[in-house]
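*Asks:* when you get a sec, could you give me coordinates for this:
(4 chains)
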Amino acid sequence: MDLNLSDEDKNFRKEVKDFIKKNLSSEQQKKIKNGGSYTKDETIKWQRALFKNNWFANNWPKTYGGCEWSPMKRYIFDQETAYAYTPQIVPFGVTMVGPVIIEFGTELQKKSFLPKILNSEHWWCQGYSEPGSGSDLASLKTKAISEGNNYIINGTKTWTTLAQHADWMFCLVRTDNTSKPQEGISFILIDMKSKGITVDPIITLDESHEVNTVYLEDVVVPKDNLIYQENKGWTVAKYLLSHERTSIAQVARSKSAIKKLKMIASHEVFDNSPLIDNTRFRDKLTELEMDLHSLEYTEIRILSEEAKGSSPGPEASFLKIRGSELQQKISELTLEAVGAFGLIKSNSYNQDNSNEYFPGAEYANNVGAEYLNLRKTTIYGGSNEIQKNILSKMVLGL
Amino acid sequence: MDLNLSDEDKNFRKEVKDFIKKNLSSEQQKKIKNGGSYTKDETIKWQRALFKNNWFANNWPKTYGGCEWSPMKRYIFDQETAYAYTPQIVPFGVTMVGPVIIEFGTELQKKSFLPKILNSEHWWCQGYSEPGSGSDLASLKTKAISEGNNYIINGTKTWTTLAQHADWMFCLVRTDNTSKPQEGISFILIDMKSKGITVDPIITLDESHEVNTVYLEDVVVPKDNLIYQENKGWTVAKYLLSHERTSIAQVARSKSAIKKLKMIASHEVFDNSPLIDNTRFRDKLTELEMDLHSLEYTEIRILSEEAKGSSPGPEASFLKIRGSELQQKISELTLEAVGAFGLIKSNSYNQDNSNEYFPGAEYANNVGAEYLNLRKTTIYGGSNEIQKNILSKMVLGL
Amino acid sequence: MNLTFSEEQVLIKENAQKFLNLHYSFEKRREIIEESGGFYFKHWKDFAELGWLGLAFPEKVGGYGGNISNLMILMECLGSNLTLEPFTFNNLIIGKLFQEIQSDKTNNFLEEIITGKKLYSFLFSPTENYKNNILNNLKIVNENGKVFLKGSCNCVFGIEKFDYILVPVLSDNNILLYLLSQKRNGYEIRNFETIDNMKCSNIDFNSLELNKDEIIFKMSKADFFEIFDYIYDLATLSTCSQALGIIDRMYDLTLDYCKTRKQFGKSIGSFQVIQHRLVDMHITKEEMRSLNYMAQVKFDDKIEIRKKNISLNKIFLGSRAKNMAQECIQLHGGMGVAKEMSIGHYFSKITSFCTLFGSIDYHKERYAANDFQ
Amino acid sequence: MNLTFSEEQVLIKENAQKFLNLHYSFEKRREIIEESGGFYFKHWKDFAELGWLGLAFPEKVGGYGGNISNLMILMECLGSNLTLEPFTFNNLIIGKLFQEIQSDKTNNFLEEIITGKKLYSFLFSPTENYKNNILNNLKIVNENGKVFLKGSCNCVFGIEKFDYILVPVLSDNNILLYLLSQKRNGYEIRNFETIDNMKCSNIDFNSLELNKDEIIFKMSKADFFEIFDYIYDLATLSTCSQALGIIDRMYDLTLDYCKTRKQFGKSIGSFQVIQHRLVDMHITKEEMRSLNYMAQVKFDDKIEIRKKNISLNKIFLGSRAKNMAQECIQLHGGMGVAKEMSIGHYFSKITSFCTLFGSIDYHKERYAANDFQ
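*Replies:* Sure, this is the predicted structure:
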């Protein structure tokens, strides 16, 4: 057991730092640090810079234009980009549907989709959840009727993240009602410009527009867009799930959030002295650091196993549980730290319905919204309740 | 809403205080306060004093020698006796089987059992749990075969509290294997001196002997000892359960436990000043007082409803949940307060396997054992998990 | 000893619920926000007619009794329907101040408050720093014979709309209370929308010239804060009572949702994990109510007792009630964070109440500061 | 960067488990307690032969490497079988002291420790007050030319049995370390049984006459505590590692029990509430392990880093691990509190470890005392 980085990894860390300095302005970083968010263009610009550097598809095999990073390199990259508040790579294309197409796609599908994922020409979204099917995904009802070389698709997808920007959606649809729920599902790619698609925004508590409801009405999709075989969509979906990486723990982002919290606490005053000197507050920080470090070292342990060749098992799903809980706890304490200013709606960089300017300290802007926004982390991507069901079955054998 | 006691209740409180002064020595109280426990004789002496004062069967109708206290009077009595560390009335006779015999018993049964419960000539115990049937009581296997005017009983009862002292046991036995579990059970009274009964002690973590395993081997019990009808024992058991009183919250005992804890904390030293002045410790006390008061006022609310005539519903079972949790939390913090001395086995007043004297402060004696002993409170009398199942069904309608 | 409602109290509760469910349903509330952006004068008048604006005040000053339990019953109802009018600020605090000050002037003001004729407000920020703020934010400056008010206050509630604002200023160990008309010049107010659709305001006095006759009262610092601490605690308890109404409502909504929402072919409320968590919530809301009643019945007990009980309620709100609110969102799944559902709005309100009138740590300190013996 | 075991470490673990499961099963342990009342010399000799008594010490003093991770692997195993020999006290602490002091004398002592020839012990009480106790409990008194040791110590571990005891005494700003033979007169020891079947002792020095040659070392207060704090932290981490072994075992036992114990016609492990609680336990034990590894790999980092990490482990033990242990008892139902089951003995051990080497509040203070920037 040791914590020393290999020289190669040390150099890589430096490369990443340099890359960030070269491709991201301090204004941009500041904006994010103070609660703003990146525009679509900024994100794409960042992704293309990564692509130019051959760093974009870090989970793809080289033959397809990936860079096959070691778990440790991925870890370092995630850390540095989080510390620097860079844009987050939109996962739906390169992280999610990409590997699926590589594994299951036809030559044609590979030729037509992979390059445009790599150069960020296509923005993807994920058509899984439905109004009636959240935790119980297999009960989805969106129907695809075969008609010659096409499917005619009808149904409703919801909680579809960033669908408002999307060019394509990978989608689970029901192609067979007769068999068991899991066995009648197919995995298909849908052009968002197709006739019959309507995207309705869902505004969340924090007034932000991240998720949408996508209505599909007699949408015509060529069968060439079917991934793998008809009614075998569940196999594809499970493969995708198993490739979601351990970074779901969001350790690095939580680390910089705690760093910001400490900065805030050293400026805020409680009882005539800096808040950060208050025993009760310090104990809460201790709690957070306990969570952070246990999560961080659990992740390193899993990465070490991965580096030894073992693939990340269902254990990883407890990184999701604790990681999301930690994000929430940090935002909760941050809200406590900024006091009443946290109750004022932020002056936000690209949101409607926000105050035209924020009266409090810069760092307090958006703290309230952030607290509300992060409630989602324990719900989406498989609620923590579902994660516990999985762990109970797969790991505990119950 | 008001908290003022009626003059009648005020006077009653005074009577109780006087009664205690007259019937309990300060040595006895001190012994209990420092972790000792009452002997069988001391308990019986106390119960007989109460009986002489017509205060013993406070939940029985007057016609049977009870005193029909108002909920408020019962509350006051419980409070004062707890503050004064008096013996606790052994519930199995007067509180549990007594009302059952009054409700379901034959004239003969009433004549032969009730007087001896009143004058504490009979010590009762409860034969419910079995090695295979804890939470799932209805699955009990102890068999009673009808043979002329007798039942021949075979089986094993366990966790039988104070069976080592008992003259009689009220017992659930299976009289019919063919029907649904609940419907084949009978409620019967067994003379502990009967041939074929063996009582084996179960020693618990704290080295104490409170519970036992009771083996029944071809025990002959006259059918006259059957309560109500054969195979209707479940009805009787449910009646008994519904008559367990709200005092399961143990508010008064927790109150004096917290009082003792504060006394300890004002003697113990942390970081060169009294422990009770330590912020972290004070916050933990605050937590306990929050639990205590919310429990106390919930109990008063329920008593107020009772006084208005509504009978205590299943709501009462959350007093059991929080009451038992609070007892445990108090003992936990008390253990923290006495430090390493809490790890030393007590010099106990009537226990084997204890140190011949206790090296630390008097108040620290038995603190460790108490912490271990109270683990049981969330388990026995229907574990808190079972209580939550009940609440979910009966109160939440789930 | 009795903690059940009197017939009068049952009546107050039923009438309040009837009115609010009719005129303050979640949909009506949304319309109000879109129309008036919050404070709704029509309803304020209704409140007056219903007698609510006088509930906090004794008959001798034209109120309807001032019984604390009656008041808290109303506060609960106002909470459970997320009313937008800053009742605590534009009625309770300012009214109680006038009541305590007791002059024929103030009696007229009180009468206007109770009848809803005029809207009064008191200038302060409802945080743990209220004392420092009152003492330091504003000062009186003499410039060639004239007296000016200078300074500014942040995070003030209940001054989005007002006819008169009562301003406390320290002048050599006395607190002067100036009553300024909304029409006066020399000040500027900026209103900011909060996450719970209220208005939080900054007010600046660049150089507002004060007139002697605007001083309606003068008293020593000590006297003022003895009065104001009492009012502050009353307002804190009112906030906790509103929160209690909200928590009750969140519980009902969540229990309902779990009974109706189906996954894996059955209602999620039929899953044991959800059941036990709902049971914990049930217990939590009852504990919250019990602590609330304790604070009510002991409110006029010794000062330390009052303070401890109020703080205990605020601590409970800032810890267990807050966690319970989070659980309610969690059990609603995605719907919990969607703005068109009411549950999230209750959540935002609880979030706001956790902060106002002192953080949990402030109240832990206040509780622990009192002798434990 | 790698947190997996080396082959050597895998070997250490497997061998330890093999020996302990054979000679230190729960039943064997019970027999040992009945026979020898605790400390079992035969096993101490075995420990020596297995090389365990030298694991903590570098080769240059005759040890087997002194790699901290190897040591902690052993401590885990000693924990998971509830071994009764006070390894931390009769090997680790006293041995490390001798190693740090470094004189040919001490090297001989160390050799006797590593080979198990003799039993050494250091006089101190493993609580947060260890410094004050060391400085104040004992003093040297000169009476007509003779030098006497006077005073007494409470709650000392690892002195039930010993050949030599190392006694620290303050004498004008220096710490004198006296090595006293068990055969000396003038002292009295009383042993008390603890809830986890160890011995906690009081020792009184009524008037023990000291000989110059019993002083084996003398150093300044500052130097001594720099050394001893390091050793204290090492012992604390060892305690946390033992606790980790225990928590792992408690988890296994509880998971097993829930899989086999049937109620309502099915294993209680098939109830979703139990399942989620077991999942929480699973996560908790993994978190505990992760923090333990962090403390190991950073043990020789800056002093504050070391202290923070050790404290973090002790805080985790005193809060989440403790709660988990309580959960394990709860899920065992009645069987959890019955002495004939092993689970309760693990519980008692955790209870003891939560107290030793500093309460949770002491370590919270120690953690928070370091700069958060």
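
*Asks:* what does the stretch 201-350 of chain A have sitting close to chain C?
*Replies:* Of all the residues in the stretch 201-350 of chain A, those in contact range of chain C (C-beta under 8 Å from any C-beta of the partner chain) are A:202-207, A:211, A:270-271, A:278, A:280-281, A:328, A:335-336, A:339-345. Using the backbone N, CA and C atoms, a C-beta is placed for each residue, glycine as well.

*Asks:* report how many residues lie close to residue 81.
*Replies:* Unless you meant another one, I'm taking chain A. Using other C-beta atoms under 10 Å in any protein chain shown, residue A:81 has 21 other residues around it.

*Asks:* actually, chain C is the one I wanted.
*Replies:* For residue C:81, using other C-beta under 10 Å, the count is 22.

*Asks:* now do residue C:340
*Replies:* For residue C:340, the neighbour count with other C-beta under 10 Å is 11.

*Asks:* residues touching it, list them.
*Replies:* residue A:203 (C-beta atoms under 8 Å, 6 or more residues apart in numbering or on different chains).

*Asks:* mind checking the SS state of it?
*Replies:* coil (DSSP: H, G, I helix; E, B strand; the rest coil).

*Asks:* any figure for the gap between it and residue A:201?
*Replies:* 11 Å (C-beta to C-beta, to the nearest Å).

*Asks:* surely residue C:75 and residue C:236 touch.
*Replies:* No - when contacts are counted by C-beta atoms under 8 Å, residue C:75 is not listed as touching residue C:236 (11.2 Å).

*Asks:* residue contacts, residue A:169?
*Replies:* A:124-127, A:157, A:160, A:163, A:189-190, A:192, A:214.

*Asks:* domain map for chain A?
*Replies:* A:7-89, A:124-233, A:249-394 (automatic domain parsing).

*Asks:* restricted to strands, list the residues of the stretch 201-350 of chain A next to chain C.
*Replies:* Secondary structure from DSSP state E places A:202, A:211, A:270 of those in strands.

*Asks:* most neighbours out of the residues you listed, which is it?
*Replies:* Busiest of these [other C-beta under 10 Å] is residue A:211, holding 23 neighbours.

*Asks:* distance check, it against residue B:24.
*Replies:* Distance of residue A:211 to residue B:24, given as C-beta to C-beta: 68 Å.

*Asks:* go on, residue A:379?
*Replies:* From residue A:379 over to residue B:24 the distance is 58 Å, taken as C-beta to C-beta.

*Asks:* which one's more surrounded, those two?
*Replies:* Comparing residue A:379 with residue B:24 by other C-beta under 10 Å, the one with more neighbours is residue A:379, at 24 against 21.

*Asks:* quick check: domain ranges of chain C?
*Replies:* Split by automatic domain parsing, chain C gives C:7-119, C:130-220, C:223-369.

*Asks:* so how far is the second one off the chain centroid?
*Replies:* It stands for domain C:130-220. Here the centre of domain C:130-220 is set off from its chain's centre by 20 Å, with C-alpha atoms, centre = their mean, to the nearest Å.

*Asks:* can you give me the end-to-end span of it?
*Replies:* The first and final residues of domain C:130-220 sit 17 Å from each other (C-alpha to C-alpha, to the nearest Å).

*Asks:* that older thread, now the contacts of residue A:169 in a markdown table, with pLDDT and neighbour count?
*Replies:* What follows is those, written out as a markdown table (pLDDT from 0 to 100; neighbours: other C-beta atoms under 10 Å in any protein chain shown):
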| residue | pLDDT | neighbour count |
| --- | --- | --- |
| A:124 | 98 | 27 |
| A:125 | 97 | 29 |
| A:126 | 96 | 22 |
| A:127 | 97 | 30 |
| A:157 | 97 | 28 |
| A:160 | 96 | 25 |
| A:163 | 97 | 27 |
| A:189 | 98 | 24 |
| A:190 | 98 | 25 |
| A:192 | 98 | 20 |
| A:214 | 98 | 26 |
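
*Asks:* now tabulate those in JSON lines and tack on secondary structure and distance to chain D.
*Replies:* Listed next are the contacts of residue A:169 as JSON lines, based on DSSP: H, G, I helix; E, B strand; the rest coil; distance: C-beta to the nearest C-beta, whole Å:
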{"residue": "A:124", "secondary structure": "strand", "distance to chain D": "32"}
{"residue": "A:125", "secondary structure": "strand", "distance to chain D": "31"}
{"residue": "A:126", "secondary structure": "strand", "distance to chain D": "26"}
{"residue": "A:127", "secondary structure": "strand", "distance to chain D": "30"}
{"residue": "A:157", "secondary structure": "strand", "distance to chain D": "29"}
{"residue": "A:160", "secondary structure": "strand", "distance to chain D": "29"}
{"residue": "A:163", "secondary structure": "helix", "distance to chain D": "32"}
{"residue": "A:189", "secondary structure": "strand", "distance to chain D": "35"}
{"residue": "A:190", "secondary structure": "strand", "distance to chain D": "36"}
{"residue": "A:192", "secondary structure": "coil", "distance to chain D": "38"}
{"residue": "A:214", "secondary structure": "strand", "distance to chain D": "32"}
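
*Asks:* which single one of those residues is nearest to chain B?
*Replies:* residue A:157 (30.5 Å; C-beta to the nearest C-beta).

*Asks:* against residue A:90, how distant is that closest one?
*Replies:* Residue A:157 is 17 Å from residue A:90, by C-beta to C-beta.

*Asks:* and the most centrally placed residue in chain C, what does it touch?
*Replies:* By C-alpha atoms, centre = their mean, chain C has its centre lying nearest to residue C:88, at 3.9 Å. Residues counted as contacts of residue C:88 (C-beta under 8 Å, 6+ apart) are C:75, C:158, C:235, C:238-239, C:242.

*Asks:* can we see that at 7 Å?
*Replies:* Contacts for residue C:88 (C-beta atoms under 7 Å, 6 or more residues apart in numbering or on different chains) come out as C:235, C:238-239.
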